[in-house]
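Chemist: predicted model, plus sequence, below.
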Amino acid sequence: GICNVRVILAKEKEKKINLTNNQGTVLGESNIKDIKNKRIDKNLIMSKPDFNINAKSAIVVDAKTGKILYAKNSGQQMPIASITKLMSAKVILDLDPDWRKIIKYSKVDNDVFKYAKKWEMAYLYVNPGDTMTVKDLFFSALVGSANNAVYALSRSTGLLRRDFVETMNRKAKEMGMENTHFTEPSGLNPSNVSTAQDLAKLGRKIFNNFKILEATTAKKYAFSTINTKKSHIIRNRNKLLFSDLYILGTKTGYLNEAGHCLIVKAKDKKGNEIIVVTLGNFKSGGNYFKETEKLVKWGLERYKSEMGKRQK
């Protein structure tokens, strides 16, 4: 069986504290600020990975139940960079788009360049007047994280950009993402903020959509602009897609202010599913991919371990 847990605070030794989480039971927690005044299920054991987590904020949750397996500063509000595009995608999907609808790229879609130079961002190499389908824009936005594709995509809905963003914020509130706020659809503005906890809630919703699975796990996407016949090959730079993980959805993000950000849903051979979010990793050299991959594998092992103990 699994023993009861006693959490000892530095200033209150030998004093039990109750820990609750209204989104699921906490299984592991590395930062006492995240769990103080909350309750732990008496049948579960606190634990944390045996390796260093460089991300400033992280969370591992059971994708099916929302139970938290591990968290580090998971309620800390931070810039989320291009993970913003997942909420933009949800707005699009909820409008039931015609994927074959032809969209003409407009000069206003170049507004993304007010946030950064072209060589500093991912963008689709098209010009005003070029035509492509909604599907082409959707996959360009999620496979290659093309920022101007998101702007064109939001315009394709018929909504003004501010109304599109307002819809993003409304949907965040509907999902209980209380510490999330969006100011534009791409994530280029560092004022797009959220928490690892909130993004886990978004992941539990958005990664159940097959179109999201298809677009975020594709290693590349190819299309040709309709009017010019120019071919485009969009490549996914997410290294987790080239790992041995079984991925059901993922999105990267990076800004100088946000550091590297990553969300992923993965499962093991038995069908156990977890969601991992890491935010604010300022280490270079692909460290955040390796770190998140290790955290996914740790989470799946932790999940199996807990399930095994429950069955005894």
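Modeler: Great, that's in hand. Numbers count the residues shown, from 1 in each chain.
Chemist: what sits against residue 242?
Modeler: residue 219 (Cβ atoms under 8 Å, 6 or more residues apart in numbering). To be clear about C-beta, it is placed using only N, CA and C from the backbone, and glycine gets the same treatment.
Chemist: report the separation between it and residue 252.
Modeler: According to Cβ to Cβ, to the nearest Å, residue 242 stands 13 Å off from residue 252.
Chemist: tell me the contacts of residue 131?
Modeler: For residue 131, the contacting residues are 102-105, 225-227, by Cβ under 8 Å, 6+ apart.
Chemist: turn those residues into CSV, including distance to residue 209, secondary structure and neighbour count.
Modeler: As requested, the contacts of residue 131 are exported to CSV (distance: Cβ to Cβ, whole Å; DSSP: H, G, I helix; E, B strand; the rest coil; neighbours: other Cβ atoms under 10 Å):
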residue, distance to residue 209, secondary structure, neighbour count
102, 23, strand, 13
103, 21, strand, 19
104, 27, strand, 15
105, 25, coil, 23
225, 26, coil, 20
226, 26, coil, 15
227, 30, coil, 15
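Chemist: including distance to residue 79, could the residues you listed go into TSV?
Modeler: As requested, those are arranged in TSV below (distance: Cβ to Cβ, whole Å):
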residue	distance to residue 79
102	34
103	29
104	32
105	27
225	32
226	36
227	36
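Chemist: closest one of these to residue 274?
Modeler: Distances from residue 274 to these, taken as Cβ to Cβ, are shortest for residue 103 (36.0 Å).
Chemist: give me the pLDDT value at the closest one.
Modeler: If you check residue 103, the pLDDT there is 98.
Chemist: and the nearest residue to it once chain neighbours are set aside, how far from residue 81?
Modeler: Spatially, and ignoring its direct neighbours in sequence, residue 103 is nearest to residue 156 (4.8 Å; Cβ to Cβ, 6 or more residues apart in numbering). Counting by Cβ to Cβ, the gap between residue 156 and residue 81 amounts to 23 Å.
Chemist: what about those two, which has more around it?
Modeler: residue 81 (27 against 20; other Cβ atoms under 10 Å).
Chemist: which SSE is residue 251 in?
Modeler: Per DSSP states H and E: residue 251 is located in strand 246-255.
Chemist: pLDDT score for residue 1?
Modeler: The per-residue pLDDT of residue 1 was computed as 36.
Chemist: go on, residue 37?
Modeler: 39.
Chemist: CA atoms only: put the host helix or strand of residue 214 into CSV for me.
Modeler: According to DSSP H and E, residue 214 maps onto helix 210-217. The C-alpha trace of helix 210-217 is given here as CSV (Å, rounded to 0.1, in the frame of the first residue of the first chain):
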residue,chain,number,x,y,z
PHE,A,210,-7.4,15.5,-34.3
LYS,A,211,-6.6,18.5,-36.4
ILE,A,212,-4.3,19.8,-33.6
LEU,A,213,-2.6,16.4,-33.3
GLU,A,214,-2.1,16.3,-37.1
ALA,A,215,-0.7,19.9,-37.3
THR,A,216,1.5,19.9,-34.2
THR,A,217,3.1,16.5,-34.7
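Chemist: could you pull out the buried residues of that helix?
Modeler: 211-213, 215-217 (16 or more other Cβ atoms under 10 Å).
Chemist: point out where the chain drops to low pLDDT.
Modeler: 1-46, 285, 305-312 (pLDDT under 70).
Chemist: hmm, who's touching the helix ranked longest in it?
Modeler: Counting residues, the longest helix found in the chain (DSSP state H) is helix 287-311. Residues outside helix 287-311 that contact it (Cβ under 8 Å, 6+ apart): 1-2, 27-28, 43-44, 47, 49, 51, 53-55, 58, 60, 62, 69-70, 238-240, 243, 245, 259-260, 262, 264, 266-268, 270, 272, 274, 276, 278, 281, 283.
Chemist: what subset of these is buried?
Modeler: 27-28, 44, 47, 49, 53-55, 58, 60, 62, 69-70, 238, 240, 243, 245, 259-260, 262, 264, 266-268, 272, 274, 276, 278, 281.
Chemist: ok, now how distant is the spatially closest residue to residue 270 that is not a sequence neighbour from residue 267?
Modeler: Using Cβ to Cβ, 6+ apart and skipping the chain neighbours, the partner closest in space to residue 270 is residue 304 (7.3 Å). Computed as Cβ to Cβ, the residue 304 to residue 267 distance reads 12 Å.
Chemist: what about the closest residue to residue 79 other than its chain neighbours, neighbour count?
Modeler: Excluding the flanking residues, the one nearest residue 79 by Cβ to Cβ, 6+ apart is residue 258, at 3.7 Å. Applying other Cβ under 10 Å, we find 24 residues neighbouring residue 258.
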